[in-house]
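Peer 1: got a sequence here, can you model it:
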Amino acid sequence: MNRLHHFFLLVLLFCVVACSSQRGKPDLKPYKAETKKAKKGDFASMLLLAQVNQGYFFTSPSQRDFKSAEKWLKKASETAEASLSDDFAMTAFKLYWIGGYGISQNRDKAAQYLQKVQNKSLLAKRYFHKEDIHLQNLPIYYQNYRGGSAAEQVKLARLLLEFEIDYDEATQILNEAIAKGNADARYLHAKWQYIRSRDSKEVGRRDEHISPNFLSDMRNFAQEGSALAAAEYLHFSQVHNNHRDAITKADKAELIVALFRDKDDLSSEQKFKLEYLLLPKKQGREVVFALRKIGELLPAEADTEVYAFAKADMDKLQYIENQLKTIEGMAGLWQEHKEWGDFPVAIAEYKQAFQGDIQPLTKLYYWLKESENERLIREENVSRAQEEILNKVPQVFSKVNDASELYSFKQAMEREQIYSRVRQSYLNGPIEERMEMLALSAADLQIEYEKQRLDEQTFKSFYEGRQALGRVQSNSSLSPTHRSRLARLVKQKTIRDIYGTNPTKRQINHLEEQLRGAAAWLQPEGYDMFFEYKRNSNNWFAGNVNRHGTLYKYEVIRKGDTDEFELEIKSVKNNQSNLAYKSTISLERKEGQEYVIDVYGAKRKSYMWIPSKSDYLRVVAPERSSLIETPISKGQMEKYRNSQHGHASDSLLRKEDPNDNSHKSAIRAAVKYFILEYAGALSY
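Peer 2: Numbers count the residues shown, from 1 in each chain. Down below sits the predicted model:
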């Protein structure tokens with residue numbers, strides 16, 4: 001009974017194959033011109049007629065005539081172009097691999113044509129959301145799939161589909177895998193049915209047929225356990241990110257878990273590529289951690305063609321790992337990757353042993369041990385770097401050249417556990433010898449001790465600062481000169497602790513009031529800091545521009561906590577000062593890469609200046625450039641332009657400090673350009 005049943009199945013299969021493989025009759029009317037050229041021996045026309053008779057991927061059997069296709073291929077093969085044409089080789093390969101429609105199937109001959117393809121990129125689909133799509137594997141997969149696992153059947157079906165070889169055979173194979181419960185097979189079957197329903201004749205562009213409407217189906221198949229559906233959903237939902245079924249963060253998290261949960265049958269290549277899929281979503285240091293995880297999934301003897309798409313990233317990882325083995329290499333990496341944060345020391349200063357200052361070396365040592373840094377750098381590299389730091393100590397000591405450096409070095413040797421191994425070699429004699437060599441006394445080191453105590457204290461009020469000043473002035477162990485130096489430092493630190501390094505306009509005015517009243521004891525250092533705040537803080541700064549003998553003094557003052565600034569320009573000529581311009585400036589920072597500054601036009605009415613935001617000069621200042629871009633003017637601003645200032649273009653666009661990438665530097669450059677190039681807007 002079983003044999004009889006098997007016999008009828010074979011007969012049925014033969015009938016299906018025979019019926020579906022009968023020679024059809026393609027419509028060649030649109031190709032009359034090509035037919036004439038082909039008969040005259042034109043290679044391109046002969047190849048085109050062969051392809052038309054063969055049909056494209058979804059051509060119906062009634063339109064396929066492989067006998068005629070073979071005839072034109074044989075004629076084309078007699079030309080010199082045939083041996084150089086990959087299109088010819090691929091067409092012949094598909095013709096003999098499929099067979100039927102008037103010719104016999106000959107897969108050995110097909111494999112020979114496949115070997116003739118010179119452009120190997122035609123044999124691989126490099127889509128990052130797929131794996132195992134390499135046409136060279138077709139003969140191997142075909143041998144393995146008979147009686148093999150559902151996973152092997154899916155691999156073969158995907159090759160037949162992705163390279164558009166035989167849709168009917170691929171569907172038959174997928175049905176076998178579906179019968180075995182394979183979720184990927186169910187997904188592929190549905191996906192290609194969908195593609196077929198939307199198909200055009202644009203061979204090789206099937207992914208473009210995945211519309212937003214199929215996203216919900218992808219998500220459903222992914223939730224049912226298809227790793228392929230999950231991976232492709234992650235990709236296509238980003239392509240169609242405005243669609244209602246585009247992936248959300250919650251969906252993504254759910255899918256990532258679904259990809260790896262209960263997936264014991266995932267190949268190493270699948271795991272590698274699914275992990276690689278997430279790489280574009282990583283930022284900052286997470287990119288390195290992701291690359292390491294991907295690298296761990298890379299087989300020891302990986303097929304270079306299979307993993308070629310990831311070679312650049314794997315090379316990048318290898319470069320990073322090599323750089324992390326030395327402190328100099330680390331500094332270079334942090335310079336390349338600003339998003340990692342700041343490297344604690346300047347490598348040029350490190351090479352010069354910090355000119356005898358032990359503190360940066362100590363800071364570097366502890367920075368390496370911070371958990372987030374150690375994770376990135378790796379424990380073995382941290383240990384190697386710490387050893388390098390200890391070996392640097394003799395160089396630092398050899399450059400100690402004043403009381404401050406010697407005191408810091410002595411304190412580090414006495415207090416820091418990291419130097420325990422070398423501590424006694426310096427405390428037992430060399431430090432005292434260096435004191436004698438530098439002609440330093442105990443009092444010199446004493447004042448350094450007092451300065452350190454001062455640095456460790458934070459003054460929260462003028463009262464606390466006044467108390468500290470009293471202690472310094474009554475310290476009889478210090479010489480008058482040392483007391484005077486410390487007193488000056490106390491006053492400066494009191495102001496910095498209370499107002500910070502960049503006080504607002506209101507705070508700066510408050511400081512002036514205090515200096516005239518209850519905090520008069522802060523003078524004269526207090527007034528020095530007051531004028532420095534007005535001249536060079538981030539919220540209030542000033543400068544001068546000389547134009548044809550007239551000195552223009554400008555002040556820029558931030559308005560509260562906004563990104564708008566008051567601009568006031570005074571002209572000074574023959575010892576007379578007049579208000580020449582008063583308006584506003586707006587500042588915008590673009591993605592951490594450049595500043596956009598608008599200097600607004602203003603008209604003087606009596607004693608008032610009325611700004612106009614429809615008239616402005618726009619200046620773009622790239623952060624890491626010494627030059628601003630050529631500004632543009634809008635509205636009525638252009639009529640004030642006057643280029644007769646005698647400055648060359650390079651000088652006109654150059655920042656005052658090429659190494660200063662702050663907003664203050666950008667605004668200074670904009671104001672300088674405005675004064676020189678748009679002098680018509682200024683009153684004299």
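Peer 1: and residue 505, what does it touch?
Peer 2: With contact taken as CB atoms under 8 Å, 6 or more residues apart in numbering, residue 505 is in contact with 539-540, 557-558. Using the backbone N, CA and C atoms, a C-beta is placed for each residue, glycine as well.
Peer 1: now intersect these with the strands, please.
Peer 2: 540, 557-558 (DSSP state E).
Peer 1: including distance to residue 191, neighbour count and pLDDT, could these go into TSV?
Peer 2: Listed next are those as TSV, based on distance: CB to CB, whole Å; neighbours: other CB atoms under 10 Å; pLDDT from 0 to 100:
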residue	distance to residue 191	neighbour count	pLDDT
540	64	23	95
557	63	18	96
558	58	22	95
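Peer 1: turn those into a markdown table, including distance to residue 359.
Peer 2: Below are those laid out as a markdown table (distance: CB to CB, whole Å):
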| residue | distance to residue 359 |
| --- | --- |
| 540 | 31 |
| 557 | 36 |
| 558 | 33 |
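Peer 1: from those, which is closest to residue 308?
Peer 2: Lowest distance from residue 308 to those (CB to CB) belongs to residue 558, with 53.4 Å.
Peer 1: nearest spatial neighbour of the closest one, chain-adjacent residues omitted?
Peer 2: residue 539 (4.1 Å; CB to CB, 6 or more residues apart in numbering).
Peer 1: hang on, that neighbour packs against residue 501?
Peer 2: No: counting by CB atoms under 8 Å, residue 539 does not reach residue 501; the two are 10.3 Å apart.
Peer 1: of these two, who's got more company?
Peer 2: residue 539 (21 against 8; other CB atoms under 10 Å).
Peer 1: gap between that one and residue 373?
Peer 2: For residue 539, the distance to residue 373 equals 33 Å [CB to CB, to the nearest Å].
Peer 1: now do residue 137
Peer 2: 44 Å.
Peer 1: likewise for residue 612?
Peer 2: In terms of CB to CB, residue 612 sits 51 Å off from residue 373.
Peer 1: again, but for residue 594
Peer 2: 29 Å.
Peer 1: dihedrals phi and psi, the residue positioned nearest the centre of the chain?
Peer 2: Residue closest to the mean C-alpha point of the chain, counted by CA atoms, centre = their mean, is residue 283 at 6.6 Å. Dihedral pair for residue 283: phi -140, psi 160, per degrees, to the nearest 10.
Peer 1: return the residues in contact with it.
Peer 2: residue 339.
Peer 1: state the distance from it to residue 315.
Peer 2: 20 Å.
Peer 1: and for the nearest residue to residue 526 once chain neighbours are set aside, the neighbour number?
Peer 2: In space, and not counting its chain neighbours, residue 526 is closest to residue 515: 4.7 Å by CB to CB, 6+ apart. Residue 515 has 20 neighbouring residues, counting by other CB under 10 Å.
Peer 1: check residue 134 too.
Peer 2: 20.
Peer 1: what do you get for residue 677?
Peer 2: So residue 677, with other CB under 10 Å, has 21 neighbours.
Peer 1: and it, what's its pLDDT?
Peer 2: At residue 677, the model reports a pLDDT of 94.
Peer 1: residues in contact with the residue nearest to residue 558?
Peer 2: By CB under 8 Å, 6+ apart, the neighbours of residue 539 are 502-505, 508, 557-558.
Peer 1: and which of the residues you listed is nearest to residue 534?
Peer 2: residue 508 (6.2 Å).
Peer 1: C-terminal to the helix or strand harbouring the closest one, what's the next element?
Peer 2: Applying DSSP states H and E as the criterion places residue 508 in helix 505-516. Per DSSP H and E, helix 505-516 leads on to helix 525-536 as the next helix or strand towards the C-terminus.
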